[in-house]
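K.L.:
I'd like to go over a predicted model; first the sequence, then the structure.
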Amino acid sequence: MKKLLLALTLITITFCLQAVSRFNEPLLRNAQEGNVSAQYNIGLAYLEGSGIQQDYQEALHWLSEAAGQNFAPAQAAVGRIYEEGLGTEINLTEAVRYYRLAAEQGLPEAQYNLGICLCQGKGTQVNHSEAVRWFRLAADAGIADAQYNLGLAYFNGQGVIQNLEEANRWFRMAEEQGHSGVNYFKGLEHYNAKEYALAIPYFRLAADNCNANAQYYLGLCFDNAWGIGENAIEAARYYRLAAVQGHPAAQYNLGICLHNGRGVAGNPAEAAQWYKKAADQGHINALYNLAVCYDLGDGVAQDRIQAVNYFSQAAAKGHPEAQYQLGLAALEGRGISQSDSEAFRYFSLAAAQSNAAAQFNLGVLYYTGKGVAKNVNEATRYYRLAADQGNINALYNIGLASYKGEGTNQDYAEAVRSFSPAAERGHSGAQLNLGLCYYYGQGVQADPARAAELFRLSALQGNTSAQFFLGNCYYNGLGLTQDYAQAVRWYSLAAEQALPEAQTNLGICYEKGLGVAQNLEEAVRLYRLAADQGNVTAQYNLAVCHNYGWGTRQNLEAAANWYALAAEQGHQSAIYNLGLCYYNGHGVRQSYDRAVRQFTLAAKMGHSGAQYNLGVCHQYGYGVSKSPFEAYVWYFIAARNGQAQFVTKRDQMATELSPRQLQRAQEKAQEWILANLE
């Protein structure tokens, strides 16, 4: 409610114009000699800039002089100066003190202003009963605003026993003086009852009398088609009428209209100005929107520090999105010092208000142990809170937790249930992982066609792994018609993003001429890219190319080096081939001992060639003691795959053993097979 300015001011200002301009010297001399009327009129002239250049400090000086002589109008004017901070710091306590001095002398306008301060707790404790006492005195003196506020007190039962009859009596008295608040109040009753069509005529009457609240609510009705046809132009017009009168919610809504070009030409700069006016009055959403403007440089010069300033003000008022944005700012060091612990604090505040994005980010902090002790169970709990609100990233992370069994029991079916809604809403990671569930039949019946469809959706969003798996589907004809050219296309996209598996498979396509013209040099280039990232298949394939001079100059030393790297990762053929390198001295110093070690490792992995070569080593004593018995054991093991050469060698070696030795050798071979291969 707007404070009433002294009615006497208008009369006195007219006098001041004459006095200051025509009798400046005598008036000033009288004021200096202590004439209270002269002091008051000079002070008022300076306050309003009437007949003299406006100067709030001079106004405060002369009005204080008059107030010091217990002149009630001057006391009320000084109260206004302190309340509004005109030429001095706002001091609501002093404002109330001066209003009370004037009110106790019977000045109705001061009585009304004091009542407002008591109602709103401005510069004093809220005291509705005392406010009613001062409103009544001012109302009896004919102050329409006081009559209206006294009516509100009776209507709401604030500071007085509720009495609707008495409320209506005071409303009628205010209405007879043309007070727009009565029509506004009647409109508000209908509005709150959602009787919008009945509210609008009252709002119009009040709005025509410049009632800012009524103008604001009319704007809402036009904006939302409540009780009248939607009309964005009219909505913006009424918002502006109220906004210029200082109505903070109208200023905020006008900013929204200007920002979005709704009912008015879009103007982000003007929008920011109105947000600022509303923010200066503490409007929480205006504070937030102004912060966003500074954060993005939208309508104002980008200023991350100012953004944090306004986010902080909104956050202090409990705005959850502002708290969330402060968490992001602290996490990223944007406009504020980087601090994981501060990010955790702000996310916690927003999460407590059910902000899903903050709940999700809290989950991330708990999962990574940033700003708080790592706690996978807590991470999962916050993911679930956010997921329950439909947060797409949380749904995905809950799916991952269920898939991996992190912070919860491993449950592929639960993973599928979480991935599915996220995938439907376009989350590429969820589409990929749901595709993998269908690909491998995890938590759902295997369905290669559905898997391929999901891989495609994710791949089209640029998901590298999805591009790779879609390439696999085309390469192997899984869920799709086999198409090497399409496989090459998708492998290429993933390979361009440095996915080593895609680089390897694309290299295989170039090596074999599948879906693309054969190009061994390109195959070697791709294998090297993947091998440098540690891809074991690429390391092995690159070793083979160096070994045989395919797509590159033959280099046995390089071949042995790549075999060794792949062997360290447990690649069976690489282990076997490294054994051959040591056996033959290709690229390394010949060493039967090392050859035997590599053959033994590969043999235990089921490599029949390594098993056969161990037989050779034992037969001829290469790296081990010569032993027909041990040689037969290894030939027997190798011959399990039925290869003719191995069977022949086994049978030849059997002739060198006695029947008893042969039986023992066969028993030992069977024991080894049971222990290592079955």
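P.N.:
Noted; the coordinates are in hand. Numbers count the residues shown, from 1 in each chain.

K.L.:
okay but G479 is in contact with L454, surely?
P.N.:
No. Using Cβ atoms under 8 Å, G479 is not in contact with L454, being 9.9 Å away. Bear in mind the C-beta positions are built from the backbone N, C-alpha and C, glycine included.

K.L.:
and the two? which has more neighbours close in?
P.N.:
Neighbour totals were compared for G479 and L454, and L454 leads with 29 against 22 (other Cβ atoms under 10 Å).

K.L.:
three-state assignment of the more buried one?
P.N.:
Three-state assignment for L454 (DSSP: H, G, I helix; E, B strand; the rest coil): helix.

K.L.:
G479 now?
P.N.:
G479 - assigned by three-state DSSP - is coil.

K.L.:
nearest residue to it other than its sequence neighbours?
P.N.:
P448 (3.1 Å; Cβ to Cβ, 6 or more residues apart in numbering).

K.L.:
Where does pLDDT dip in the protein?
P.N.:
Per-residue confidence for the chain (pLDDT under 70) gives these ranges: 1-24.

K.L.:
Would you state the strands of it in chain order?
P.N.:
Under the criterion DSSP state E, the chain carries no strands.

K.L.:
List the contacts of the residue nearest to G479.
P.N.:
The contact partners of P448, by Cβ atoms under 8 Å, 6 or more residues apart in numbering, come to 438-439, 473, 478-480.

K.L.:
which one of these has the most neighbours?
P.N.:
Greatest neighbour count in these, by other Cβ under 10 Å, goes to C473: 26 neighbours.

K.L.:
right, and it touches A459 too?
P.N.:
No. Using Cβ under 8 Å, C473 is not in contact with A459, being 10.2 Å away.

K.L.:
how about CSV for the contacts of P448, with distance to A139 added?
P.N.:
Shown next, in CSV, are the contacts of P448 (distance: Cβ to Cβ, whole Å):
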residue, distance to A139
Y438, 76
Y439, 80
C473, 83
L478, 85
G479, 82
L480, 84
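
K.L.:
just these now: which is nearest R640?
P.N.:
L478 (31.0 Å; Cβ to Cβ).

K.L.:
how about that closest one, what does it touch?
P.N.:
439, 448, 451-452, 472.

K.L.:
What's the separation between it and A451?
P.N.:
From L478 across to A451, the span is 8 Å (Cβ to Cβ, to the nearest Å).

K.L.:
Need the residues touching each of those two.
P.N.:
Contacts common to L478 and A451, judged by Cβ under 8 Å, 6+ apart, are Y439.

K.L.:
Distance check, the closest residue to A102 other than its chain neighbours against E104.
P.N.:
With Cβ to Cβ, 6+ apart as the criterion, A102 has its nearest non-adjacent residue at 3.4 Å, and that residue is A110. Per Cβ to Cβ, A110 is found 9 Å from E104.

K.L.:
now do N267
P.N.:
In terms of Cβ to Cβ, N267 sits 49 Å off from E104.

K.L.:
again with H283
P.N.:
35 Å.

K.L.:
What separation do you get for K649 and M605?
P.N.:
21 Å.

K.L.:
Specify which residue of the two has the higher count of neighbours.
P.N.:
Between K649 and M605, counted using other Cβ under 10 Å, K649 has the larger neighbour count: 22 against 15.

K.L.:
Surely that one is in contact with N613?
P.N.:
No. Using Cβ under 8 Å, K649 is not in contact with N613, being 11.0 Å away.

K.L.:
what about C293, neighbour count?
P.N.:
C293 has 27 nearby residues by other Cβ under 10 Å.

K.L.:
OK, contacts around it?
P.N.:
Neighbours of C293 in contact, by Cβ under 8 Å, 6+ apart: 268, 271-272, 275, 299-300.

K.L.:
and what of A102?
P.N.:
Counted by Cβ under 8 Å, 6+ apart, A102 has contacts 72-73, 75-76, 79, 109-110.

K.L.:
mind checking how far the spatially closest residue to D411 that is not a sequence neighbour is from L432?
P.N.:
For D411, ignoring the flanking residues on the chain, the nearest one in space by Cβ to Cβ, 6+ apart is S402 at 4.8 Å. Using Cβ to Cβ, S402 is found at 16 Å from L432.

K.L.:
neighbour-wise, which of these two wins?
P.N.:
Legend: neighbour count by other Cβ under 10 Å for S402 and L432, higher for L432 (28 against 24).

K.L.:
Tell me how many other residues crowd Y527.
P.N.:
If you count neighbours by other Cβ under 10 Å, Y527 ends up with 32.

K.L.:
now Y440
P.N.:
If you count neighbours by other Cβ under 10 Å, Y440 ends up with 12.

K.L.:
Test my guess that it contacts L434.
P.N.:
No. Applying Cβ under 8 Å as the test, Y440 and L434 come out as separate, 11.4 Å apart.

K.L.:
quick one: L63 and R80 touch, right?
P.N.:
No. Taking contacts as Cβ under 8 Å, L63 lies outside contact range of R80: 9.2 Å.

K.L.:
higher neighbour count, those two?
P.N.:
L63 (29 against 21).

K.L.:
picking that back up, give the contact list for the residue nearest to D411.
P.N.:
Listed by Cβ under 8 Å, 6+ apart, the contact set of S402 reads 408-412, 414-415, 418.

K.L.:
now it: how far from G390?
P.N.:
Distance from S402 to G390, by Cβ to Cβ: 17 Å.

K.L.:
ditto for C473
P.N.:
30 Å.

K.L.:
My read is that A138 contacts G106, right?
P.N.:
No. Using Cβ under 8 Å, A138 makes no contact with G106, being 9.9 Å away.

K.L.:
So if I had to pick from these two, which one is more boxed in?
P.N.:
With neighbours defined as other Cβ under 10 Å, A138 and G106 compare such that A138 has more, 27 against 12.

K.L.:
which non-adjacent residue is nearest the more buried one?
P.N.:
Distances taken as Cβ to Cβ, 6+ apart put A146 closest to A138, at 3.5 Å, once the chain neighbours are dropped.

K.L.:
so how far is A72 from the one you found?
P.N.:
From A146 over to A72 the distance is 16 Å, taken as Cβ to Cβ.

K.L.:
what does L493 give?
P.N.:
Taking Cβ to Cβ, one finds L493 at 83 Å from A72.

K.L.:
cool, and E496?
P.N.:
83 Å.

K.L.:
what does Y238 give?
P.N.:
Distance from Y238 to A72, by Cβ to Cβ: 38 Å.

K.L.:
more crowded one of these two?
P.N.:
Each of Y238 and A72 has its neighbours counted (other Cβ under 10 Å); Y238 has more, 29 against 22.

K.L.:
Wait, that one touches N213, no?
P.N.:
No. Using Cβ under 8 Å, Y238 is not in contact with N213, being 11.0 Å away.

K.L.:
Got the phi and psi for Q410?
P.N.:
Main-chain dihedrals, Q410, degrees, to the nearest 10: phi -60, psi 130.

K.L.:
In contact with it: list those residues for me.
P.N.:
Q410 touches 402-404, counting by Cβ under 8 Å, 6+ apart.
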